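# show me the folded form of this:
(chains A and B)
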Amino acid sequence: MSEEKHEMSGPVRTRFAPSPTGFLHVGGVRTAMFSWLLAQRFGGEFLLRVEDTDQKRFVEGAEQNMMESLRWVGIAWAEGPDVGGPHAPYRQSERLPIYQRYAEQLVAQGDAYQSWTSPAELTAEREAAAAAHQPPPRRDRWRNASPEQVAAQEATGQRFVIRLKLPEEGSVVFYDLVKKDTITFDYSGQDDIVILKSDGFPTYHLAATVDDHLMGITHVMRAEEWLASTPKHLFIYQSLGWQPPAFAHVPNILRPDGRGKMSKRDGDASTEQFWTKGYLPEAMFNYLALQGWSYDDHTEIMTVAEISQRFSLERVQPSPARWNLEKLNWMNSQYINHVLTLDDLARRSLPFMQNGGYLKDAVEGDEEYLYYRAALELIKDRLKLLGEAPDLLSYFFADRLQYDTALLLGKGITAEQVATVLDHTIHLLQSDQYAAWHLSDRETGPEANLRGLAAELGVKVGSVFMPIRVAITGRSQSPGLFETAEVLGKERTLFRLREALHQVQGQ
RNA sequence: GGCGCAUUCGUCUAGAGGCCCAGGACGCCUCCCUUUCAAGGAGGAGAUCAGGGGUUCGAAUCCCCUAUGCGCUACCA
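Numbering: from 1, shown residues only, chains lettered A, B, ... in the order given. You can find the predicted model right below:
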């Protein structure tokens, strides 16, 4: 077994622990995905924990939104705030006494201390240090307060915070599964971070560490910004006598311009907008997996099951990747055209059609639905997002097409000739042969006949087909003419041709 | 300012001392197909492997330095 599971006994347990401060952005989904994939790969367990320890930044509904985003791409958890589990509760705001107990223990052991330094004093000190181009103060002046001073201060009843009391010297070394290397930090450069705030809530550092241990997390996978605080977490594990988990810091996804990581301030990064636009969860999963992980030198399209089987931290890139929407779009159209069956595509596009005002009462399998499905087949190769379906299919459902007459009168053909073409086509389709024709049959269908007409009129074949195209679709771009006519049906096609003829004659 | 991490085509990546004067994908360009637009097929441009030093018979791959980028440096996560 690889390094990823070294020294581990029992099942791999991973977690995703978002903070409910807004929507889940795609970088967050990717981090959650890697965590989930590691558990999947080793037949382990994955859980969801909500880190709502900052009351000021709490956003109503964010938790629900994040869970929806995760479910959308196919990430499921066996334990979590919504489903419970053996280590419930999974919301940190409901676990306050636990953190307080450990914070007190650390103070009692001398590994943490109480501080009454006010936030105003702290910022003043930091600003002064910054102005002098000096590093900010790492220690708090209460660090070395005498028991008498502390007791006296405590008697005043003023609120305090608890800070970690990091060693004066020495260093921490740990191995990172993504960096594939050992990372060293000197204690001297580390802050005595706050682990318990004055409102009684823990900070991330205490809460995450305590919960990861209590919940049996074997592999802590998280975004790279946590790398720098890992030594503090390790100090907590050590002070509490706990075996630390393995760490894997996954690189951030950078904004398309490469300037900075994706964040909640980038509206384009919100996961939910991808489903509302019509990205397929499988495509999103596939794309995101490849953003920082690869299987080999050429495989790109993989199912979730394949990725789960093939995932490996060894192949996770240690450097950040930029968000590439073009590639996601390509991936999505690959799934639309080469992975989904037509039935599946029709089923999934239906809500978007209904949203666009079509097929309100359609029931899968009924006549209208079948018509829609046939039309969808014609346009799917130019469908990149399901949300584009209503526009791409609009002329299949319009009662009367609206278009500029100029569109009918193309180059290289006169108005009279256009009228002739339309009239000829109408008669052609009206003839008894229509029922027998497979319109798209080039040899025996109307195509051969119309090509003959073009020769007769002395115009290009394209000049003959274009007015017909505009007549039946209202556009100069469409799928194959005869396939389209076939789906539209004789009645609708003839009606549109006659309308176009009137329009030309009315000129 | 300090500390940490990273650095292969524009972008995502393959590459773990000779198979690499660097392979694949997206995007871009050309051609083919063709009634339009796509899709598809075939090609092409595009990376002195961030730069500089080493180590070695031999380095994209190992070591060092520099540069640049990103991250952290909150009683936010």
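# please point out which parts of stretch A:415-429 sit buried.
Using 16 or more other CB atoms under 10 Å as the test for burial, stretch A:415-429 gives A:417-422, A:424-426, A:428-429. All C-beta atoms are positioned from the backbone trio N, CA, C, and that covers glycine.
# likewise for stretch A:114-132?
Residues A:114-117 are the ones in stretch A:114-132 that count as buried (16+ other CB under 10 Å).
# for chain A, which element, helix or strand, carries the lowest mean pLDDT?
Lowest mean confidence among the helices and strands of chain A (mean pLDDT, DSSP states H and E): helix A:433-436, at a mean of 65.
# got the residues of the stretch 401-507 of chain A near RNA strand B?
Within reach of RNA strand B by CB under 7 Å from any atom of the strand, the stretch 401-507 of chain A has these residues: A:440, A:447, A:461-462, A:465-466, A:469, A:476-482.
# identify the farthest-apart pair in the buried residues of stretch A:415-429.
Using CB to CB, the two most remote members of those are A:417 and A:429, lying 18.6 Å apart.
# just the pLDDT for residue A:264.
Note for residue A:264: predicted pLDDT of 74.
# what strand or helix carries the residue in chain A sticking out farthest from the centre?
Centroid-distance maximum for chain A: residue A:456 at 56.4 Å, with CA atoms, centre = their mean. When elements are assigned from DSSP states H and E, residue A:456 belongs to helix A:446-457.
# residues contacting residue A:173?
Going by CB atoms under 8 Å, 6 or more residues apart in numbering, residue A:173 touches A:182-184.
# please report how far residue A:103 lies from RNA strand B.
Between residue A:103 and RNA strand B the computed distance is 12 Å (CB to the nearest atom of the strand, to the nearest Å).
# quick one: that residue and residue A:111 touch, right?
No: Residue A:103 is beyond contact range of residue A:111, at 10.1 Å (criterion: CB atoms under 8 Å).
# avg pLDDT for stretch A:484-503?
94.
# go ahead and name everything in contact with the helix or strand harbouring residue A:407.
Taking DSSP H and E as the definition, residue A:407 sits inside helix A:405-408. With CB under 8 Å, 6+ apart as the test, helix A:405-408 has contacts from A:418, A:467, A:470-471, A:474-476, A:500, A:503-504, A:507.
# residue A:228: what's it in contact with?
The neighbourhood of residue A:228, defined by CB under 8 Å, 6+ apart, consists of residue A:185.
# residue A:190 versus that one, what's the distance?
Distance, residue A:228 to residue A:190, by CB to CB, to the nearest Å: 9 Å.
# and what of residue A:68?
In this view, residue A:68 and residue A:190 are 38 Å apart by CB to CB.
# which of those two has more neighbours?
Comparing residue A:68 with residue A:190 by other CB atoms under 10 Å, the one with more neighbours is residue A:190, at 20 against 14.
# now the helices for the stretch 1-150 of chain A?
Ranges of helices within the stretch 1-150 of chain A are A:26-41, A:62-73, A:96-109, A:119-131, A:147-155, based on DSSP state H, counting those that start in this stretch.
# now do the stretch 201-350 of chain A
A:204-214, A:230-239, A:271-277, A:281-289, A:304-310, A:325-334, A:342-355.
# who are the packing partners of whichever helix or strand comes after the last one?
Taking DSSP H and E as the definition, the helix or strand that follows helix A:342-355 towards the C-terminus is helix A:367-379. With contacts taken as 3 or more CB pairs under 8 Å, 6 or more residues apart in numbering; DSSP states H and E, helix A:367-379 sits against helix A:342-355, helix A:389-397, helix A:481-488.
# residue in the stretch 351-500 of chain A with the shortest distance to RNA strand B?
Proximity of the stretch 351-500 of chain A to RNA strand B (CB to the nearest atom of the strand) peaks at residue A:382, 3.1 Å away.
# who wins for most neighbours among the contacts of residue A:173?
In terms of neighbour count, residue A:183 stands highest of the contacts of residue A:173 at 16 neighbours, by other CB under 10 Å.
# tell me what that one is bridged to.
Bridge pairing for residue A:183 (DSSP bridges) gives the partners residue A:174.
# residue A:176 is in contact with that one, correct?
Yes: contact criterion CB under 8 Å: residue A:183 and residue A:176 qualify, at 5.6 Å.
# now residue A:297: how far from residue A:315?
Here residue A:297 is placed at a distance of 11 Å from residue A:315 (CB to CB).
# weakest of the helices of the stretch 1-150 of chain A in terms of mean pLDDT?
The stretch with the lowest mean pLDDT among these is helix A:119-131, at a mean of 89.
# show residues contacting it.
Defining contact as CB under 8 Å, 6+ apart, one finds that helix A:119-131 is touched by A:135-137.
# adding distance to residue A:76 and pLDDT, write these out as TSV.
Listed next are the contacts of helix A:119-131 as TSV, based on distance: CB to CB, whole Å; pLDDT from 0 to 100:
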residue	distance to residue A:76	pLDDT
A:135	44	82
A:136	43	85
A:137	45	87
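# looking at these, spot the one nearest residue A:282.
Checking those one by one against residue A:282 (CB to CB), the nearest turns out to be residue A:136, at 46.6 Å.
# so, low pLDDT: which residues of chain A?
Across chain A, the ranges flagged by pLDDT under 70 are A:1-9, A:432, A:434-438, A:440, A:442, A:507.
# out of the buried residues of stretch A:114-132, which are close to RNA strand B?
With CB under 7 Å from any atom of the strand as the criterion, the buried residues of stretch A:114-132 include residue A:117 near RNA strand B.
# circling back: just the closest of the contacts of residue A:173 to residue A:367, please.
Of the contacts of residue A:173, the one sitting nearest to residue A:367 (CB to CB) turns out to be residue A:183, at 64.6 Å.
# got the buried residues for stretch A:439-453?
Within stretch A:439-453, the residues that count as buried by 16+ other CB under 10 Å are A:439, A:445-447, A:450, A:453.
# among the buried residues of stretch A:415-429, which ones are in helices?
In this view, these that belong to helices under DSSP state H are A:417-422, A:424-426, A:428-429.
# save those residues as a markdown table, and put in distance to residue A:26 too.
Formatted as a markdown table, those follow (distance: CB to CB, whole Å):
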| residue | distance to residue A:26 |
| --- | --- |
| A:417 | 54 |
| A:418 | 50 |
| A:419 | 54 |
| A:420 | 55 |
| A:421 | 50 |
| A:422 | 50 |
| A:424 | 54 |
| A:425 | 49 |
| A:426 | 52 |
| A:428 | 52 |
| A:429 | 50 |
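# residue A:103 and residue A:111: who's more crowded?
Using other CB under 10 Å, the more surrounded residue of residue A:103 and residue A:111 is residue A:103, with 23 against 18.
# OK, contacts around the more buried one?
A:112, A:162, A:195-196, A:202, A:206.
# surely residue A:289 and residue A:307 touch.
Yes: taking contacts as CB under 8 Å, residue A:289 lies within contact range of residue A:307: 5.1 Å.
# which residues of the stretch 151-300 of chain A lie near RNA strand B?
Contact residues, the stretch 151-300 of chain A versus RNA strand B (CB under 7 Å from any atom of the strand): A:159, A:161, A:179, A:181, A:183-186, A:189, A:191, A:193-194, A:197-199, A:201, A:203-204, A:224-229, A:251-252, A:254, A:258-261, A:290-292, A:294, A:296-298, A:300.
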